[in-house]
Structures are given as structure tokens and as C-alpha cells.
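> For reference, the sequence and a predicted model appear below.
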Amino acid sequence: MSAGAERATAALLDARIDSFRFGGHAGETLRGIRLVVAPGTLTAIVGASGSGKTTLARVLAGMLPPPSPGGAPVAGADDDPDDDVLEAVLELCGRRVAFAPGHRVRIDPAGWAGRVGLLPQEARHFLSGARETVAEEIAFALENQGVPRPRMRERVRAVAVDLGLEGLLDRDVERLSGGQERLVALAALAVVDPAVLVLDEPLAGLDAEARGRVVAWAADRCARGRSVVHLTRREDEMTVRADDVRILAGGGLARSSPARAAEPCPPAAGGVVPSAATGASASHRPSTGGSARGLLALSGASLGYGDPGRARRVLRRPRRTGQPVLTGVDLTLHAGETVALLGPNGVGKTTLLKTAAGLLEPLAGTVRRTGRIGLLLQDSGDQLFERTVRREVGFGVDAPRAVSHVLDGLGLSDVAAEHPYELPGSVRRLVALATVLVKDPDVLLCDEPTVALDDAGLDLLRGVLAQRAGTGGAVLFSTHDEDFAAAAADRVIRLPGPGGRDPHDAAAA
């Protein structure tokens, strides 16, 4: 589409971003960007980790910096080096907002949010945390709008069916997997039906079936005249359907030809043998296991969550008995091997890893651990709390050389003085990994470690896992990335989907 044709299009969103610079940083994160989003279109923006995708998403949603059209100059605003600086003009459904240095920007948050919605990369941050069930969480925005209850139930049910959540509507939000949390956050955003949806890595951490549902749902929205802006670190199932594909690099946007359809990912090489976990299948290739000593063993284990805890009793909510997520699990992890754990969202991968780490007690059976255990959580926000990267990695570690060694090994030395939450999500992921590696665990457990990483980050992660196993340790990680599992693991364990079916075979069917 030519520039003239773009101007002739009745755009839902028209963004001209001349410059964006974070306070305290000399370089611009975004510059010279023009993006026109027409009704009924899917726009894909592909950029490597740290390219500015999340910053662009927030600007498009009117969230950076504090917002207004032509406000009065603010005395001394240009003198504060810690202020973010945005020069941009955004037009959304006929509303125009101009951002300029030295001006307070004002915006009607409710009116703006009703027209454009943002799903953040860390989807949990979109959830209110104030609702007990999935249905209540999805309905939260509708309640604030005063939507009549019958209409509210109808809309919640419809979006739940679209995204495959109808079986989870009564589920406790705190008992969802990471992928299920992302789908619930997407449903809570979509239920108000904004004209434009800006989605930051919406497919991250989802199994094949869920990814397909999200792609189909986005296409249906576009068919109804709504628009979707999809930001992703690499080409995927959604970019191949995009009307407009852009590459974000060097702070600017460049056009790209539409992405090719992603080829189905083959399972790891090797034959299928009985799995360590009941009902699952496992693929093997030669490893150093066998006669090597076992560092982690689960025997006859039933895994799940027990008493929801004191908070529910204080709130006088019904006390629920813990129900097993997995039963009859027999798994031994040997020194020198790397094992990948695959399966649909909500099947129990995180529960297994948390039990292996000792964060959960098995409901039945036994867990035996030898040596130090390290766990990389699925959400890096649950693992980071210090003011700088160096302080974060060095917390509780009286070995400055070890801290420096880990920072160097993960390419984090240049950001050692930065606040973790001012870094891109991919870098935060590596910081969280560094906090685990610095303790030199014998068993490294990683929950969805590939999420938010681009190709360079995946190569780095693969090297870390190989090094850990190569020095006599063992690695157990969960993932939905079939390619990464095939490249990094000696053994692949597949937890079954509903009805005991193999989720990989089902996805390919």
C-alpha cells in the first residue's frame, strides 16, 4: 500500500512517532515511525528482543508518557533528565492526542481505553487480582461499565467459547497455568470489544491448540471490522495472516513481505517408549543417563495443590480439598541429562516442576532430591525484587567473582547497574536465570524458559542448559517450543491432553 493510499484509508489508529527516549538514556528507543491501522486489518510487527516492541505497544495504547492534546508548557520539564521524552501524534477513532517535550499531556483514560486495548507481554499484569473465578475476572470491566448481568453473562460466555475457556469459568484464577492466565487476560480485554487491540506476544507460552484458537479469534475480529496489532519477536502463525507486516529494528519500522506459513514442528528424534509420567509418551536420543546417578526422583507421586490457605478461611470462603493434577508420576532425572517436559496448557507441567523444587508437597508418593535445586519460574516478575541487576544476581551470594562470571556468561555485564524492570522482557528473563545459576544448582528446573527470547536468546539458553548437564548436573524444563525441545533435550516427556490423547498428534491433525 502506498503512502498516499494510507492517507486515504479511514484509519482506526494513525500513529506518527517522531521520537521516544527513556529518561536517563541518550539514545532513542523509537524514531521516525508512521503506522496506519485500517478497519478490519491485522498488522504484525516483528522485532528482536530489546528492539522496542513493548515500548511501541504502550505508545500505541496511549500509555507513555502520562498523557493530552496541546497542554500548556510545564516549567522546568525540559530540565529533568529522568523524564521520558515522547514526540508523537496519535489519532484514534477521530480523537487526536499530541505529545511534545515540556507539555503536560491530558487524555480521557476511560474514553481512550474503550477504543484501544493493550495485552501486555506479562499478561498476569492485566488481571485485576481482585476476582476469585475466571468468569468474574473476565467480567470485571463489564461490571465497571454497569452492563446488565444477563448481558454480562452472555458476553463472558461468548468470549470464553471463542478462546476455549468455557471449562475454566469456575476455576480459581490463582490456580491457572501461565498459558491459561494469558488466555484469561486476553478474554478480559476482548470482552469490552475495543476497536483496536494491541497484543504484545499474545502466543507466548500457549500450546498448539490454544495458539490456533487465538489466531482464529483474531481473524474473526478483523472480519467484523475490528483491528489487531500483533507484536512478536519472530514470525509465527499470526504474522502469516497479516495484511501488513513490519520489521522493528534500530528504533524504526520497515516493510516486510508477508511471512511464510510456519511448518509443523516435528517431535524430537527417536522412538516412543513408556514415559516416566502416567499416560505420557517420551522420545529419546542418546544421553549420559542410564548408569549415571539419579539427582531427582518422583515415585508414585500424585501432584496438585492442597488447602488453598489461610486467606480463604479469613475471607470465609468455602474450603476446598486439593485435587490431583497428575497421578502416578514416576520420573528419575540422572546426572548429565537434559529432559524436556511438553504438554497442553494446564496439564500440570508447572505443578510437577514446583513439586520437584520443593515448593509443593506431593499429595501422595515420594520425591527424592540429591544436591542443590534451582528453579526458574515462568514469570520473571515473581523472581526479581532488587534495585539493580548486580544486586539481584548477588542477593544472598557472598562471591562477587561468581556474580561477575554469571553476568558475563549471560551477556548482562553492560546492564549490571540497571533496574531489572527497566529492561526488556527478554533481558529480565536472563536476569532471573542468572539468579538461579549463580547458586550453582545440581538440578536446574526451568518453567517455560524460552518465553520472550528471540533466536539469539534461544541459542544462549541452549548453551546454558548444555553446560549445566555437561558438568554433571541435570536439567528439567517445560516448553511449548518443539524445535527447542528437539535441539536441547536428551529426552522428551509428553504429558497427555484431555482424554489421554497426545497433544502433538492432536495439534497436527
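Done, it's in. None of the values given here were measured: they were computed from a predicted structure.

> Only the buried residues of stretch 129-143, if you could.
Buried residues in stretch 129-143, defined by neighbour count with 16 or more other C-beta atoms under 10 Å: 131, 134-139, 141-142. Just so you know, the C-beta spots here come from the backbone N, C-alpha and C atoms, and that holds for glycine as well.

> between the residues you listed, which is closest to Met238?
Ile138 (21.8 Å; C-beta to C-beta).

> any idea of the mean pLDDT for stretch 400-410?
Mean pLDDT, stretch 400-410: 95.

> quick one: contacts of that stretch?
Identification of contacts with stretch 400-410 by C-beta atoms under 8 Å, 6 or more residues apart in numbering yields 389-390, 393-394, 397, 412-413, 416, 430, 433-434, 437-438, 440, 460, 464.

> okay if I get the buried residues of stretch 129-143 as a markdown table plus distance to Lys354 and secondary structure?
Formatted as a markdown table, those follow (distance: C-beta to C-beta, whole Å; DSSP: H, G, I helix; E, B strand; the rest coil):
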| residue | distance to Lys354 | secondary structure |
| --- | --- | --- |
| Arg131 | 23 | coil |
| Val134 | 21 | helix |
| Ala135 | 26 | helix |
| Glu136 | 25 | helix |
| Glu137 | 22 | helix |
| Ile138 | 26 | helix |
| Ala139 | 29 | helix |
| Ala141 | 31 | helix |
| Leu142 | 33 | helix |
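
> Report all helices and strands that the helix or strand containing Thr54 contacts.
Using DSSP states H and E, Thr54 falls within helix 53-60. Packed against helix 53-60 by the contact rule (3 or more C-beta pairs under 8 Å, 6 or more residues apart in numbering; DSSP states H and E) you find strand 13-21, strand 30-37, strand 85-92, strand 116-119, strand 196-200, strand 227-232.

> Flag every buried residue along the third one.
Looking back up the chat, that one is strand 85-92. 85-88, 90-92.

> what does stretch 116-127 give?
So for stretch 116-127, counting by 16+ other C-beta under 10 Å, buried means 116-124, 126-127.

> would you turn these into CSV with pLDDT and distance to Arg224?
Listed next are those as CSV, based on pLDDT from 0 to 100; distance: C-beta to C-beta, whole Å:
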residue, pLDDT, distance to Arg224
Val116, 91, 16
Gly117, 91, 15
Leu118, 92, 20
Leu119, 93, 18
Pro120, 90, 24
Gln121, 87, 26
Glu122, 85, 28
Ala123, 84, 23
Arg124, 82, 28
Phe126, 83, 22
Leu127, 84, 25
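
> quick revisit: looking at the buried residues of stretch 129-143, which gets the smallest pLDDT?
For those, the pLDDT minimum is Arg131, 79.

> Can you name the residues that contact that one?
137, 139-140, 173.

> please redo it, this time with the cut-off set to 10 Å
137-140, 143, 172-173, 188 (C-beta atoms under 10 Å, 6 or more residues apart in numbering).

> if we can go back for a sec, among the buried residues of stretch 129-143, which one lies nearest to Ala489?
Using C-beta to C-beta, Val134 is the member of those that lies nearest Ala489, at 32.1 Å.

> can you tell me how far the closest one sits from Leu189?
According to C-beta to C-beta, to the nearest Å, Val134 and Leu189 sit 14 Å apart.

> Please state the mean pLDDT value computed over stretch 87-96.
Here the average pLDDT along stretch 87-96 is 85.

> Give me the distance between the two termini of that stretch.
14 Å (C-alpha to C-alpha, to the nearest Å).

> which non-adjacent residue is nearest Gly374?
Leaving aside its sequence neighbours, Gly374 sits nearest to Pro441 (C-beta to C-beta, 6 or more residues apart in numbering; 3.1 Å).

> outside of stretch 413-422, which residues touch it?
22-25, 380-381, 383-394, 403-404, 406-408, 412, 423-424, 427-428, 430-432, 435.

> export the buried residues of strand 85-92 to JSON lines and tack on distance to Gly300?
Output for the buried residues of strand 85-92, formatted as JSON lines (distance: C-beta to C-beta, whole Å):
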{"residue": "Val85", "distance to Gly300": "60"}
{"residue": "Leu86", "distance to Gly300": "58"}
{"residue": "Glu87", "distance to Gly300": "63"}
{"residue": "Ala88", "distance to Gly300": "60"}
{"residue": "Leu90", "distance to Gly300": "59"}
{"residue": "Glu91", "distance to Gly300": "62"}
{"residue": "Leu92", "distance to Gly300": "57"}
